[in-house]
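Peer 1: heads up, no residue letters with this:
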């Protein structure tokens with residue numbers, strides 16, 4: 001895993017630069033690849049999720065000076081928030097790779113470390129970020145340490161995000177995604193999908209509200225940003241649409257005015273008019289996600 005980290009000279013790379021397949025991979029993308037690989041390891045103790053990767057996190061911090069937040073990095077939060085437990089619906093996966101909640105709270109819901117099993121650390125890792133006037137703003141991000149180790153175990157954490165918000169409703173479920181209907185106007189395009197972190201369990205006994213009877217269920221949805229997976233050398237990707245990525249949220253159980261992440265959503269934008277209509281139908285809102 002350590003060989004995947006960038007060399008010393010990489011600290012001069014612009015941390016928000018765009019990357020395409022085949023070009024020099026920028027430093028935060030390598031961290032997300034490390035998380036992918038790390039999530040496939042079967043730790044003896046689930047409480048070691050952060051301590052076991054802390055050495056790599058220290059080396060990454062040494063090279064970048066970036067701020068470490070529950071397995072994510074402050075300057076790359078927009079992209080890093082768009083992780084997903086992989087193989088959510090694939091029961092043929094080895095049992096150690098299937099997603100599952102740890103027995104005890106370990107990380108805030110917005111962190112990939114809140115799950116065990118194989119994690120796709122960002123669904124837009126190598127995609128091109130599209131300039132968008134309504135990108136979500138990360139106003140505040142903080143974690144509460146369990147001890148003096150800034151790369152170690154946590155007792156809490158939250159991020160405060162301001163972005164365009166809408167209430168959404170789940171439609172029929174496909175193999176891995178739900179159709180998503182946006183309340184209040186923009187809901188006639190077929191390219192709207194929700195991917196829940198935990199589609200088939202109620203999660204009773206945790207700090208999160210249960211998810212049950214999902215078709216027809218309502219969630220809060222906040223826009224994060226727009227990415228495109230095209231590259232100039234490939235005709236298929238040239239024709240690919242811009243995709244607006246969102247977080248799906250639910251009020252945190254027993255935590256007033258706070259929300260927890262329950263999944264992600266994406267909306268294919270085929271025309272500029274789609275984007276203009278969406279910006280009118282959504283409302284600027286601020287969320288605390290724990």
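Peer 2: Sure, I can see it. All of these numbers come straight from a predicted model, not from anything done at the bench.
Peer 1: quick one: strands adjacent to the strand or helix carrying residue 249?
Peer 2: For residue 249, the host element (DSSP states H and E) is strand 242-251. According to DSSP bridges, strand 242-251 forms sheet pairs with strand 218-228 (antiparallel), strand 259-269 (antiparallel).
Peer 1: where does pLDDT dip in the stretch 101-250 of the chain?
Peer 2: With pLDDT under 70 as the threshold, the stretch 101-250 of the chain has low-confidence stretches at 184-190, 199-213, 230-240.
Peer 1: what about the helices in it?
Peer 2: 235-238 (DSSP state H, counting those that start in this stretch).
Peer 1: what segments of it are strands?
Peer 2: Applying DSSP state E, counting those that start in this stretch to the stretch 101-250 of the chain gives strands spanning 119-120, 128-130, 137-145, 154-173, 178-182, 192-196, 218-228, 242-251.
Peer 1: would you turn those strands into a markdown table with mean neighbour count and distance to residue 257?
Peer 2: No exception for glycine: its C-beta is placed from N, CA and C like everyone else's. Shown next, in a markdown table, are those (neighbours: other CB atoms under 10 Å; distance: least, CB to CB, whole Å):
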| stretch | mean neighbour count | distance to residue 257 |
| --- | --- | --- |
| strand 119-120 | 21 | 28 |
| strand 128-130 | 16 | 30 |
| strand 137-145 | 14 | 14 |
| strand 154-173 | 19 | 11 |
| strand 178-182 | 20 | 23 |
| strand 192-196 | 22 | 23 |
| strand 218-228 | 22 | 12 |
| strand 242-251 | 22 | 9 |
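Peer 1: turn those strands into TSV, columns for distance to residue 80.
Peer 2: Shown next, in TSV, are these (distance: least, CB to CB, whole Å):
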stretch	distance to residue 80
strand 119-120	11
strand 128-130	13
strand 137-145	11
strand 154-173	11
strand 178-182	22
strand 192-196	16
strand 218-228	10
strand 242-251	12
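Peer 1: ok, now which ones touch residue 160?
Peer 2: Residue 160 is in contact with 138-141, 286-289, counting by CB atoms under 8 Å, 6 or more residues apart in numbering.
Peer 1: dump those residues into JSON lines; add distance to residue 122 as well.
Peer 2: Converted to JSON lines, these look like this (distance: CB to CB, whole Å):
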{"residue": "138", "distance to residue 122": "15"}
{"residue": "139", "distance to residue 122": "21"}
{"residue": "140", "distance to residue 122": "21"}
{"residue": "141", "distance to residue 122": "17"}
{"residue": "286", "distance to residue 122": "24"}
{"residue": "287", "distance to residue 122": "20"}
{"residue": "288", "distance to residue 122": "22"}
{"residue": "289", "distance to residue 122": "17"}
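Peer 1: I appreciate the help and will end here.
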